[in-house]
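K.L.:
Okay, sequence plus prediction incoming.
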Amino acid sequence: MRSSVEDIQRQLDRAIVAIDEDRDRTAESKERLKREVYNEARSKVVQEVEEEREKVEEDLRVARKMAFAPPVLQGSRIDEVQVAKWYFEECEKIKDVREPARVLEMLHDAVLLSNPVKAKACLVQGYRLHNETIVTRYFEAYPDEEPHWQEFVEAAEAYNAWEKARNTFSAGSRIRPLEHYLA
């Protein structure tokens, strides 16, 4: 994305130089053309920023869906719909538990009793509570699920970085202001 905006900036700079070097145009004609070229470049940057936003948001949605998906249970008679319902119910039951020690105890019991659905609900609650210990303990018990979690964390960090950059550099300020070219 960054190089694309830089490419647009370079194209804009070249177009402005070409307009300034055109001796057959009046000053008013040059200014009007500069405004048109600038507005076109700015529109391209806005479009690029919007496309980047959509990609970052989609990456986060997909990663979140994978990280918090119901656990996959092994067996020939496993009904995924029933597992999803069970998972939802476990998440609802634990939602009001605010003490990390209690969630850790529930996670310990779920692991001990081979209840991956309840354990995953504990992960969800650990995430809600922003408790790294709960999250870490879950992945100690279920290390095969950690790659999905890492993808989610990376996507969330990318989204946060994008949001911070967006707030710092709006789409319009990613290229030089029009006044720079009209001087």
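P.N.:
Now that the structure is in, tell me what you want to look at. Numbers count the residues shown, from 1 in each chain.
K.L.:
any idea how far the closest residue to residue 30 other than its chain neighbours is from residue 31?
P.N.:
Spatially, and ignoring its direct neighbours in sequence, residue 30 is nearest to residue 19 (5.4 Å; Cβ to Cβ, 6 or more residues apart in numbering). In short, each C-beta sits where N, CA and C put it, glycine included. Going from residue 19 to residue 31 by Cβ to Cβ, to the nearest Å gives 9 Å.
K.L.:
Next: residue 54.
P.N.:
35 Å.
K.L.:
Specify which residue of the two has the higher count of neighbours.
P.N.:
Neighbours per residue (other Cβ atoms under 10 Å) separate residue 54 from residue 31, with residue 31 holding more: 14 against 10.
K.L.:
re the thing from before, the residue nearest to residue 30 and residue 34 touch, don't they?
P.N.:
Yes - Residue 19 is within contact range of residue 34, at 5.7 Å (criterion: Cβ atoms under 8 Å).
K.L.:
mind listing what residue 110 touches?
P.N.:
Residues in contact with residue 110 (Cβ atoms under 8 Å, 6 or more residues apart in numbering) are 116, 117, 118, 119, 121, 122.
K.L.:
With pLDDT, distance to residue 143 and secondary structure added, can I get these in TSV?
P.N.:
Putting the contacts of residue 110 into TSV (pLDDT from 0 to 100; distance: Cβ to Cβ, whole Å; DSSP: H, G, I helix; E, B strand; the rest coil) gives the following:
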residue	pLDDT	distance to residue 143	secondary structure
116	97	13	helix
117	97	18	helix
118	98	18	helix
119	98	13	helix
121	98	18	helix
122	98	16	helix
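K.L.:
Can you tell me, leaving aside adjacent residues, what's nearest to residue 135?
P.N.:
residue 126 (4.8 Å).
K.L.:
what's the burial count for that neighbour?
P.N.:
Counted by other Cβ under 10 Å, the residues lying close to residue 126 total 22.
K.L.:
That one touches residue 120, doesn't it?
P.N.:
No - the criterion here is Cβ under 8 Å, and residue 126 misses it with residue 120 at 10.3 Å.
K.L.:
Overlap in contacts, those two.
P.N.:
Residues touching both residue 126 and residue 120 (Cβ under 8 Å, 6+ apart) are residue 138.
K.L.:
Next up, identify which helix or strand the residue of the chain most remote from its centre is on.
P.N.:
Distance from the C-alpha centroid of the chain peaks at residue 24, with 49.4 Å (Cα atoms, centre = their mean). Following DSSP states H and E, there is no helix or strand that holds residue 24.
K.L.:
Distance of the residue nearest the centre of the chain relative to residue 148?
P.N.:
The centre of the chain sits closest to residue 159, judged by Cα atoms, centre = their mean, with a distance of 3.2 Å. Per Cβ to Cβ, residue 159 is found 16 Å from residue 148.
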